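Student: Sharing a model prediction with you, sequence too.
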Amino acid sequence: MNRISRRQAAKLIGATATSALLPGGAVRLLAAGEAARPILRAIPSTGEKLPVIGLGSALTFDVRGAAQEAAVREVLSAFVKLGGKLIDTSPAYGNAESLIGDLAYKAGLTKSLFIATKIWTRSKPEGIAQMERSLQRFRTRTLDLVQVHNLADVDRELGALNEFKAKGKIRFTGMTHSERKGHGEMERAMKANKPDFIQINYSLMDRAAAQRLLPLAREMGMGVIINRPFGGGGIFRVLAGKKVPAWAAEFDCHTWAQFLLKWIVSHLAVTCVIPATNSLPHLEDNMGAGMGRLPDAKERDRMASLFVGF
C-alpha cells in the first residue's frame, strides 16, 4: 500500500484544505471567542505554566531557501499568535536551531518563546562550546531548557548542565529519548539525576510510557514533554477514510490530529506535547487540541479502545 500523507488523509476524511476552516481549528475558536484560551499545565519544579501544545522542529525546520524559510516563519509567527510557547529543537536537527533563532529574533518573538534545546557531545569542553553556540543562535543570555539528547552520556552531561544552571545560563535541565527501548535507561537516569524535565515518546499507538515513566515523573515532580505523538505519522494512513467519532465533539475534538493530541495531554503527568510541523494548516489544527475541554478518564478509555492492536 502506498504511504498516504497527513494532508492527503485529511482530504479523504472530509477535512478542508485549510484548517482555519476546520470545525475545531484554533483560528476559528479564537475568532469566535469560543474556548479560546490555551489549556495550561504547570512545570512541577516551579509552578510556571506552559500551554499543553508545543512545537517540535525535527526534520520540519531543517530547511534552506527563501520559500521554505518563509513557510517556517509563518508557522512560527502563527504558533505564538495562537498562544504557543514551548518550541523544541536541537543542534542535531541540521539547520533547525539556527533558523529558529534567526527567525524568532528578527520577528521579535524570542522573549515570547520557551526555548527547549539539547546537548549531545563527547566531552565537557565540547558541551560548553555547544551550549555557547546555542546561546548565540538565540541571542540570549539564558536558555529556558537544555536537555541531554537521546540520553547520550547522560550522567556526565546532566552534571555539566547543572553547572550551567547554577551560573544562570539555563533555567531548567532535562533529558530525552524517542523510543520505547530507551525507557529503562530513562527510568534509571531519572532516579539518579532528578532533572526538571524528561522528554519521551507516548501516543495511542505506543502507551508503554504510562506503565512506569509517567507515574514516576509525577511522583518525582518532573515536567514531561511528549515527542512523536503521531508515531511517525503513519497512523494517518490507517485513519484515512474513517470519520472522527461524533462523541469526540463532547470534548471539543473534531479532527484525528486533535483526537490523538487530546488523549496525550489529558494524562495529568504530561506537561506539553510537541508535534513537529512546517505546515500552517497542520499547526492550526494541532493548536486546536490545546483549547476547549480535555477528555476525562472514561473518555480516554473509550478513545484508547479504538486503537487496540497498535
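Tutor: Received the coordinates, thanks. Note that the structure is a prediction, hence the values are computed from the model and not measured.
Student: Just the CA trace of stretch 210-219, in CSV.
Tutor: As requested, the backbone C-alpha atoms of stretch 210-219 are provided in CSV (Å, rounded to 0.1, in the frame of the first residue of the first chain):
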residue,chain,number,x,y,z
ALA,A,210,2.3,5.1,31.1
GLN,A,211,3.4,1.9,32.8
ARG,A,212,6.4,3.4,34.8
LEU,A,213,7.8,6.6,33.4
LEU,A,214,4.7,8.9,33.6
PRO,A,215,3.8,7.8,37.2
LEU,A,216,7.5,8.1,38.2
ALA,A,217,7.7,11.6,36.7
ARG,A,218,4.6,12.7,38.6
GLU,A,219,5.9,11.2,41.8
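Student: and it, which residues are buried?
Tutor: Leu213, Leu214, Leu216, Ala217 (16 or more other CB atoms under 10 Å). Quick note: C-beta positions are derived from backbone N, CA and C, even for glycine.
Student: Next, name the residue at the spatial heart of the protein.
Tutor: Central residue of the chain (CA atoms, centre = their mean): Ile274, 1.0 Å from the mean position.
Student: Looking at the buried residues of stretch 210-219, which is nearest His183?
Tutor: Closest to His183 out of those is Leu213 (5.9 Å), distances taken as CB to CB.
Student: could you pull out the strands for the stretch 51-200 of the chain?
Tutor: 86-88, 114-119, 143-148, 170-176, 197-201 (DSSP state E, counting those that start in this stretch).
Student: quick one: whichever helix or strand comes after the last one to strand 197-201, angle?
Tutor: Per DSSP states H and E, the first helix or strand lying C-terminal to strand 197-201 is helix 213-220. With axes from the mean of the first three to the mean of the last three CA atoms, to 10 degrees as the basis, helix 213-220 and strand 197-201 are set at 170 degrees to each other.
Student: and helix 213-220, what does it pack onto?
Tutor: For helix 213-220, the elements it packs on are helix 183-193, strand 197-201, strand 223-227, judged by 3 or more CB pairs under 8 Å, 6 or more residues apart in numbering; DSSP states H and E.
Student: Check the gap between the nearest residue to Lys85 once chain neighbours are set aside and Gln130 for me.
Tutor: Once flanking residues are discounted, Lys85 sits nearest to Phe114: 4.6 Å by CB to CB, 6 or more residues apart in numbering. With distances taken as CB to CB, to the nearest Å, Phe114 is found 20 Å from Gln130.
Student: go on, Ser45?
Tutor: Where Gln130 is concerned, Ser45 sits at a distance of 24 Å (CB to CB).
Student: So for these two, which residue has more residues nearby?
Tutor: Ranked by neighbour count (other CB atoms under 10 Å), Ser45 and Gln130 place Gln130 first, with 20 against 17.
Student: hey, C-alpha coordinates of stretch 73-89 in PDB?
Tutor: What follows is stretch 73-89, C-alpha atoms only, in PDB (Å, rounded to 0.1, in the frame of the first residue of the first chain):
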ATOM      1  CA  ARG A  73       8.500  31.900   9.600                       C
ATOM      2  CA  GLU A  74       4.700  31.900   9.000                       C
ATOM      3  CA  VAL A  75       4.300  28.800  11.200                       C
ATOM      4  CA  LEU A  76       6.500  30.200  14.000                       C
ATOM      5  CA  SER A  77       4.500  33.500  14.000                       C
ATOM      6  CA  ALA A  78       1.200  31.700  14.000                       C
ATOM      7  CA  PHE A  79       2.300  29.500  16.800                       C
ATOM      8  CA  VAL A  80       2.900  32.500  19.100                       C
ATOM      9  CA  LYS A  81      -0.300  34.300  17.900                       C
ATOM     10  CA  LEU A  82      -2.300  31.100  18.800                       C
ATOM     11  CA  GLY A  83      -0.800  31.100  22.300                       C
ATOM     12  CA  GLY A  84       2.000  28.700  21.800                       C
ATOM     13  CA  LYS A  85       5.200  28.900  23.900                       C
ATOM     14  CA  LEU A  86       7.400  25.900  24.100                       C
ATOM     15  CA  ILE A  87       9.400  25.100  21.000                       C
ATOM     16  CA  ASP A  88      11.800  22.200  21.000                       C
ATOM     17  CA  THR A  89      14.900  21.900  18.800                       C
END
